[in-house]
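Engineer: Give me a 3D structure for the following:
(chains A and B)
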Amino acid sequence: MLACRDIHKHYGGVAALKGVSWSLLPGEVHALCGENGAGKSTLARIFCGITAANSGEIIFNGQPVNWTGPQAARQAGLGIILQELDLFAHLSIAENLAIGNTRMESGSWVSPAALHEAARPLLRDVGLELDPELPLENLSVSQWQLVAIARVLGLNAKVIFMDEPTSALTDDAVERLFGLIRRLKERGVTIVYVSHKMNEIFRICDRVSVMRDGEMIGTDVCAATSIEQVIQQMVGRTMTATRRKKIATPKESFLEVRNIFTRKLRDVSFTLGRGEILGVAGLVGSGRSEIGRALFGRSPVTQGSMILEGRDFKPLTPHDAVSRGVALVPEDRQREGLISGMSIRQNTSLASLSKYSRASWIDREGEATAAKEALANCRTKLTDLELPVGSLSGGNQQKVLLAKWLLTNPRICFFDDPTRGIDIGAKDDIYRLVAELAEKGLGVIWVSSELPELLVNTHRILILHEGRSLGILDSPNATQEDIMRLATGHPALS
Amino acid sequence: MIDKFWKYLKYHGQPFIGLVLILVLGTVLSPHATDGTIVFLSPGNLTDVLLQQSEIGIIALAMTFVIIGAGIDLSVGSVLAFSACVTALMLMVWNPHGPTALQVAIAILAASVGGALIGALNGFVITRIRLQPFVMTLATMIGVRGFTKWLTGNVNVDLGFDATPSGRFAELFSSKPFAISLWLSLAIVAHLILTRTVYGRYLRAIGENERAAAYTGLPVRKVRLAAYIGCGLLAAWAGLIHAARSHQGNPNDGIGYELDAIAAVVIGGTALAGGRGSIIGTVTGTLVLGLLTNVLRLHMVDSNLELMIKAVIIIAAVWLQRRNTGVHGEL
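Structural biologist: Predicted structure coming up:
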């Protein structure tokens, strides 16, 4: 029903798509996978009229089409959920759902009551029980994602492209999304599921297509292929999907968090040892990022105490926290991590600039040398440090942020979902890097939405539910089921 | 080095196009003196332009910092009048026997401290109470103007032309070598701070993405506060030149200077959204505005038409800038 023939697209001199031909069947869930930069997002954007191809044609219901813009594609019944959420922070949930939706927004006069009525069933569909009047800025990243999904549902689209829809979702929201996908499929909607996550693809998709370096490598029926085979097609070589690495046993604890309360945390306690990797698991709004904010002086601790290396630790600003050796790699790379107009060198050195300067004067040679070395330690393959950091792939951007913090010689690293939305190769590099940091005696706190990742790479896992700690499990003996039970608010049976 | 120069021109050369264009235009259109020389290119005419632009030029330097830090300072015109009037009052009115050299120095110091304090007030309220920069500096623009009028009783305070220290102050501060070299040396210092120091790097990071800068542990408030203090200080120094050039402190002077300074900054390629900009661009933008006025005045073009042409120049300059992409300027 929807197909493309020989699509070419290049940005400047760089070819993003090199003659892609592809077709979709009605009512199928079709996975599109490939490493970052393989061209998946570009292809999805061309289908939906956001980007124009340089050559080639799109065929929809047997007719060649030529979108004049996203609105034209949307009216024809093509919806897309973008990876970078294209929503409006200052508008309410209902207004976000209505924007660009001609059925909810007929004429120039909008009745708030009608808008809210129209919004409710959509929100119920995605399992977001919130007031449609709430402005989006009060929502978490995961809730934004759900609003983005609800918005596309409101279009009554015949084909929906989902670009990494679960990258910011917690496991319960993912389950709800899968239920929704199944219902949509029954209605005959075609879904293109762009993702890195193999287990999700094999659970929910009928067929899987793999792209690599701007080319379509192959399409298979899911039942007739395997995770290993798809990964092999993605990377073009054989590679083990996960590896259980031996991590050195942690030494004495040096961070003690005692019964702290913040705006979102209720009575949370834990300890962190030198060389320990502490995982943090929890659902949307469980307060898992809030631990980082408390440690980093972004969210005031109203009760309880934190003791770092035997001394009281009360950071009022991130500046205080950094001076005590705390590093934080935030969840939202674009908004909280990178200065996208600055070069790779400038981003890498930003947190430790005083080390390469004398009387405020920057020694650029020293800065570049240090940046290069730190990036190499993070296994970043770069040609030119002077390029804007925005030109890098998600995985390399994340490595720039890691390198930035390693240059500060931190004692505690808080990683907030560091592998979100990055390709398998880069994930593997990050796993190894974190293990190396722990071997050097750093304490690592690692928040993640992917439970298998936590189980394999951490010593212990702290589970949060609605701001409370429901237990700390030893990773080698824990299972995903144990964690999910706690994270959904059911204490351990034994 | 030559490589770097071309790279810089490629990404940041846009303001120079305007400058070259105006120089060529000025040369071609210029009236000729009786001996056949081109009036526009005569050293006297060109240094006149530099002197005329020195006040706006100095303010625009500090404005560049504030704007790169994603702020704005509308109070500079009022601060300029405040500084000029405080200096004149201290030299003449509050000092009936005529000032000594030491007292001239104290007056200059007082005007400078006063300007810096107004900047500090702006910066403090903007960073601590988190009022929007536009609103806060709009308030100080109005308030400082009122305070200056109240101080002077809304009358002009003359500096005098005689050989007293006061007269010599006016002579020195209004002289071309002093005013022009003050502007240009401040420009060099500002350029180096912006491109070569930790402060400059922090300011650009904060201007582009304050949240990420805070998450990096940068002293966001201090950096922004310092930009406003600098802006108040430099507006006060521009006020000294202004007082000397007009031989008086006039509480109603400097109205609209903030907009001229912002125009110069914007023509120079600095983004109003913050994060991106350069001192070289701002100096070029200031020169473009000054030379344009000069070219038109040499032809006795109606001053109302002059304003309309300026408006077109601003739009054209900013429109051209959109093609300007690249990493933050570091020459």
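Engineer: Could you count how many residues lie near the residue of the stretch 201-331 of chain B found nearest chain A?
Structural biologist: At 3.4 Å from chain A, B:Gly217 is the closest residue in the stretch 201-331 of chain B, using CB to the nearest CB. All C-beta spots, glycine's among them, are computed from the backbone N, C-alpha and C. Per other CB atoms under 10 Å in any protein chain shown, the neighbour tally for B:Gly217 reads 25.
Engineer: Identify the residues contacting A:Arg120.
Structural biologist: A:Pro132 (CB atoms under 8 Å, 6 or more residues apart in numbering or on different chains).
Engineer: element containing it, please.
Structural biologist: Using DSSP states H and E, A:Arg120 sits within helix A:112-126.
Engineer: And for B:Phe82?
Structural biologist: Here B:Phe82 is assigned to helix B:76-88, by DSSP H and E.
Engineer: about what we covered before: next one: the helix holding A:Arg120 to chain centre, how far?
Structural biologist: Distance of helix A:112-126 from its chain centroid, counting by CA atoms, centre = their mean, to the nearest Å, is 27 Å.
Engineer: before we move on, the earlier item: need the next SSE after the helix holding B:Phe82, C-terminal direction.
Structural biologist: Counting by DSSP H and E, what follows helix B:76-88 is helix B:101-124.
Engineer: buried residues in that next one?
Structural biologist: Across helix B:101-124, burial judged by 16 or more other CB atoms under 10 Å in any protein chain shown covers B:103-104, B:107-108, B:110-112, B:114-116, B:118-123.
Engineer: Specify which member of those residues is nearest to chain A.
Structural biologist: Checking the buried residues of helix B:101-124 against chain A by CB to the nearest CB gives B:Gly123 as the nearest, at 17.0 Å.
Engineer: Find the residue closest to the closest one in space, skipping its chain neighbours.
Structural biologist: Setting aside the residues directly before and after it, B:Gly123 is nearest to B:Tyr228 in space (CB to CB, 6 or more residues apart in numbering or on different chains), at 3.3 Å.
Engineer: residues near residue 100, how many?
Structural biologist: Using chain A here. 16.
Engineer: actually it's chain B I care about, not the one you picked
Structural biologist: So B:Thr100, with other CB under 10 Å, has 13 neighbours.
Engineer: any low-confidence regions in chain B?
Structural biologist: Applying pLDDT under 70 to chain B picks out residues B:1, B:10-12, B:96-99, B:321-331.
Engineer: ugh, typo on my part, it should be the stretch 51-200 of chain A
Structural biologist: Low-confidence segments of the stretch 51-200 of chain A, defined by pLDDT under 70, span residues A:83-85, A:102-108.
Engineer: Mind checking if the helix or strand hosting B:Ile67 is in reach of chain A?
Structural biologist: Secondary structure from DSSP H and E places B:Ile67 in helix B:43-68. No - Helix B:43-68 stays clear of chain A (CB under 8 Å from any CB of the partner chain), getting no nearer than 11.3 Å.
Engineer: report the angle between the axes of that helix and helix B:101-124?
Structural biologist: Helix B:43-68 and helix B:101-124 are oriented at 40 degrees to each other (axes from the mean of the first three to the mean of the last three CA atoms, to 10 degrees).
Engineer: Which one of the buried residues of helix B:101-124 is nearest to B:Leu151?
Structural biologist: Closest approach to B:Leu151 among the buried residues of helix B:101-124 (CB to CB): B:Gly114, at 10.3 Å.
Engineer: and A:Arg263, what helix or strand is that in?
Structural biologist: Going by DSSP H and E, A:Arg263 is not part of any helix or strand.
Engineer: Tell me the confidence at it?
Structural biologist: Note for A:Arg263: predicted pLDDT of 89.
Engineer: Count residues in the vicinity of it, would you?
Structural biologist: Per other CB under 10 Å, the neighbour tally for A:Arg263 reads 13.
Engineer: If we ignore the residues flanking it in sequence, what's nearest it?
Structural biologist: A:Ser299 (6.0 Å).
Engineer: Using the three-state scheme, assign that neighbour.
Structural biologist: What DSSP: H, G, I helix; E, B strand; the rest coil gives for A:Ser299 is coil.
Engineer: Who are the contact partners of it?
Structural biologist: Contacts of A:Ser299 by CB under 8 Å, 6+ apart are A:262-264, A:290, A:293.
Engineer: Tell me, what's the model's pLDDT at it?
Structural biologist: Looking at A:Ser299, its pLDDT is 91.
Engineer: Roughly how far does it sit from B:Gly44?
Structural biologist: 63 Å (CB to CB, to the nearest Å).
Engineer: Dig out what A:Ile7 forms beta bridges with.
Structural biologist: A:Val20 (DSSP bridges).
Engineer: where along the stretch 101-250 of chain B do the helices fall?
Structural biologist: With DSSP state H, counting those that start in this stretch, the ranges of helices along the stretch 101-250 of chain B come out as B:101-124, B:133-152, B:165-174, B:176-196, B:198-208, B:210-215, B:220-246.
Engineer: one step back: which two among the buried residues of helix B:101-124 are spaced furthest apart?
Structural biologist: Farthest apart among these by CB to CB are B:Gln103 and B:Gly123. That separation is 29.8 Å.
Engineer: still on that earlier bit, quick one, phi/psi of the residue nearest to A:Arg263?
Structural biologist: Torsion angles at A:Ser299 (phi, psi; degrees, to the nearest 10) stand at phi -140, psi 120.
Engineer: How much space separates it from chain B?
Structural biologist: Counting by CB to the nearest CB, to the nearest Å, the gap from A:Ser299 to chain B is 12 Å.
Engineer: again with A:Arg468
Structural biologist: Distance from A:Arg468 to chain B, by CB to the nearest CB: 26 Å.
Engineer: thought that residue was touching A:Arg266?
Structural biologist: Yes - if you go by CB atoms under 8 Å, A:Arg468 and A:Arg266 touch, sitting 4.8 Å apart.
Engineer: I'd guessed B:Ile106 sits against B:Met90; true?
Structural biologist: Yes - assessed by CB under 8 Å, B:Ile106 is found in contact with B:Met90 at 7.1 Å.
Engineer: near chain A, which residues of the stretch 51-200 of chain B show up?
Structural biologist: Within the stretch 51-200 of chain B, the positions adjacent to chain A are B:196-199 by CB under 8 Å from any CB.
Engineer: Reformat these as TSV; add distance to A:Cys33 and neighbour count.
Structural biologist: Output for these, formatted as TSV (distance: CB to CB, whole Å; neighbours: other CB atoms under 10 Å in any protein chain shown):
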residue	distance to A:Cys33	neighbour count
B:Arg196	46	18
B:Thr197	46	17
B:Val198	43	20
B:Tyr199	46	20
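Engineer: distance between the ends of stretch A:263-274?
Structural biologist: For stretch A:263-274, the first-to-last residue distance is 28 Å (CA to CA, to the nearest Å).
Engineer: Please save the CA atoms from stretch B:232-239 in PDB.
Structural biologist: Below are the C-alpha coordinates for stretch B:232-239, written out as PDB (Å, rounded to 0.1, in the frame of the first residue of the first chain):
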ATOM      1  CA  GLY B 232      27.100  49.600  33.000                       C
ATOM      2  CA  LEU B 233      30.800  50.400  33.300                       C
ATOM      3  CA  LEU B 234      31.300  50.900  29.600                       C
ATOM      4  CA  ALA B 235      28.100  52.900  29.200                       C
ATOM      5  CA  ALA B 236      29.600  55.200  31.900                       C
ATOM      6  CA  TRP B 237      32.900  55.500  30.000                       C
ATOM      7  CA  ALA B 238      31.000  56.400  26.900                       C
ATOM      8  CA  GLY B 239      29.200  59.000  29.000                       C
END
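Engineer: As a check, name the ranges of all helices in the stretch 151-300 of chain A.
Structural biologist: Under DSSP H, counting those that start in this stretch, the stretch 151-300 of chain A gives helices at A:171-186, A:198-204, A:227-235, A:288-295.
Engineer: Just put the helices of the stretch 101-250 of chain B in TSV and tack on distance to B:Ser83.
Structural biologist: Shown next, in TSV, are those (distance: least, CB to CB, whole Å):
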stretch	distance to B:Ser83
helix B:101-124	4
helix B:133-152	9
helix B:165-174	12
helix B:176-196	14
helix B:198-208	24
helix B:210-215	30
helix B:220-246	3
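Engineer: quick one: which of those helices is nearest A:Leu473?
Structural biologist: That would be helix B:210-215 among these, by CB to CB, at 29.3 Å.
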